[in-house]
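[1] Fold the stuff below for me.
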Amino acid sequence: MFCTQCGKANPDDARFCASCGREVQPAAPVAASPVPPATPASRSTPAAPPVAAPAQGPVASPQPEASAQTPAMLREEVPPVYAPAQPPVAQPTPVSPVPPQQPPPQARTPQPGAPQPVAAPGYALAAALPAAYPAYAGPPGGVGFSFWGTGWQALGWGLLNYLLAATWFGTAWGLEYLYKWFFSKLRLSDNTTVQFAGSGGQVWWVPVVGMLPLMLANLVSALPSIAQQLPLEAEIQRILLTSGTIAMAVLMVPGVIAMCWVVVRMTRWALENLVLGCGTRLTFTGTLWQCLGWTLLLWLSVYSIIGWAWVMVAMIKWLFRNTASSGGHQLVFHGTGGEVLWRYLVVGLVVGVTLGIAAPWMAVWLVKWAASRTSVLTAAR
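    Residues are numbered from 1 along each chain as shown. Got it, this is the predicted structure:
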């Protein structure tokens, strides 16, 4: 056992320390109860208070001075007393640095000499044309139009209309499909929707009756050419040629009148079957004789080379003036003859150079411009 005074190691059965002479007693086991076991009464002595160990690091016990009377075997070094280990201190978890955000990839710049992408031939002309002209509302309080159809759509619906019209009896159904596509692509600046609800069965007989005089006139005009192929005398051929020319001229008059009647009747049918989102109903109040007069004037203006453009604008304005609205609104066309003239010259040039292939795209281009130059004025205007 060790002395509680000087720390000298002594035999287990020693009562006094061999170094300092202090009475010693056995120390309580560390693993047992902290209370030291009781000693016999005859040998009980007050227990010395325990020596508190320092907080950190090993602490060496003081070495007693060697005495001449101390046996050499008792001069042993006291083993160091170690303090209890401190609990480990939790170290902060290192935070991974956030990588810098990469900028968005930039568009690749074509290198000089590198092959450039080539657009499909069918889409080159479509990409060059605008999607739609901005709607022109005209004076304050007006509502503008814009058309969003494409050349490919015009090509498909135009071919369908042509095939149905070739059957003579299917003209009205061809116009029905064409009108439904056209008005579904028409937009108003106040977001009013436009739909066509008509059916070709309502007016199928109008084109059939109206084209009869023209078909008869074309048949009569072909008789002189047929007579020249027959082995007839010269006098008879001359009579047939003269009579055929006169008959064609006579039949052309009712043929033109019949076509004007078809135009008026089909225009009224188209406007009366328009369904507007605002609930307004439209109708056409123009007459057959007004249409005939404008048609003759347009035909005569062709001989003036350029005057037909201004006559066409006046005819469009007549058409809009005679479009009556249940809400008192008025259609107005803001285009001019000069704008019509140069656009038709461009259309004729492009269609001629492309051998007619660009006709649907140029027709859509004209319609988009016309829609952008049209507006609706309220009743207050």
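[2] which one's the longest helix in the protein?
    helix 234-272 (DSSP state H).
[3] show me the contacts for residue 269.
    Contacts for residue 269 (C-beta atoms under 8 Å, 6 or more residues apart in numbering) come out as 198, 202, 203, 206. Every C-beta, even on glycine, is put in place using the N, C-alpha and C of the backbone.
[4] Need the distance between the two termini of stretch 229-238.
    13 Å (C-alpha to C-alpha, to the nearest Å).
[5] Buried residues of that stretch, list them for me.
    The neighbour-count check on stretch 229-238 (16 or more other C-beta atoms under 10 Å) flags residue 237 as buried.
[6] what sits up against it?
    Here stretch 229-238 makes contact (C-beta under 8 Å, 6+ apart) with 227, 228, 240.
[7] again, only this time at 10 Å
    By C-beta atoms under 10 Å, 6 or more residues apart in numbering, the list of residues contacting stretch 229-238 from outside reads 224, 227, 228, 239, 240.
[8] how many neighbours does residue 173 have?
    Applying other C-beta atoms under 10 Å, we find 18 residues neighbouring residue 173.
[9] again, but for the one 3 residues further on
    Residue 176: 25 surrounding residues under other C-beta under 10 Å.
[10] Using the three-state scheme, assign it.
    Under DSSP: H, G, I helix; E, B strand; the rest coil, the three-state class of residue 176 is helix.
[11] so who does it touch?
    Contacts of residue 176 (C-beta under 10 Å, 6+ apart): 161, 164, 170, 196-204, 269-270, 273.
[12] same thing with residue 251?
    213, 214, 215, 216, 217, 218, 219, 220, 221.
[13] May I see the PyMOL selection of the buried members of these?
    Buried residues among these (16+ other C-beta under 10 Å), as a PyMOL selection:
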select buried, resi 213+214+217+220+221
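[14] can you pull out the helices in this structure?
    Under DSSP H, the chain gives helices at 121-128, 151-166, 171-184, 205-210, 212-221, 223-229, 234-272, 288-301, 308-321, 337-353, 359-372.
[15] Turn these into TSV, columns for distance to residue 20.
    Formatted as TSV, the helices of the chain follow (distance: least, C-beta to C-beta, whole Å):
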stretch	distance to residue 20
helix 121-128	111
helix 151-166	117
helix 171-184	117
helix 205-210	140
helix 212-221	148
helix 223-229	156
helix 234-272	131
helix 288-301	142
helix 308-321	131
helix 337-353	126
helix 359-372	119
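[16] Quick one: neighbours of residue 344, just the number.
    Should you count by other C-beta under 10 Å, residue 344 turns out to have 16 residues around it.
[17] before we move on, back to that, any chance of JSON lines for the helices of the chain, columns mean pLDDT and distance to residue 23?
    As requested, the helices of the chain are exported to JSON lines (pLDDT from 0 to 100; distance: least, C-beta to C-beta, whole Å):
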{"stretch": "helix 121-128", "mean pLDDT": "40", "distance to residue 23": "114"}
{"stretch": "helix 151-166", "mean pLDDT": "94", "distance to residue 23": "119"}
{"stretch": "helix 171-184", "mean pLDDT": "95", "distance to residue 23": "118"}
{"stretch": "helix 205-210", "mean pLDDT": "92", "distance to residue 23": "141"}
{"stretch": "helix 212-221", "mean pLDDT": "81", "distance to residue 23": "149"}
{"stretch": "helix 223-229", "mean pLDDT": "73", "distance to residue 23": "159"}
{"stretch": "helix 234-272", "mean pLDDT": "86", "distance to residue 23": "132"}
{"stretch": "helix 288-301", "mean pLDDT": "94", "distance to residue 23": "144"}
{"stretch": "helix 308-321", "mean pLDDT": "96", "distance to residue 23": "133"}
{"stretch": "helix 337-353", "mean pLDDT": "96", "distance to residue 23": "129"}
{"stretch": "helix 359-372", "mean pLDDT": "95", "distance to residue 23": "121"}
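[18] who wins for proximity to residue 14 among those?
    Nearest of these to residue 14, taken as C-beta to C-beta: helix 121-128 at 113.1 Å.
[19] closest one to residue 331 among the helices of the chain?
    helix 308-321 (3.9 Å).
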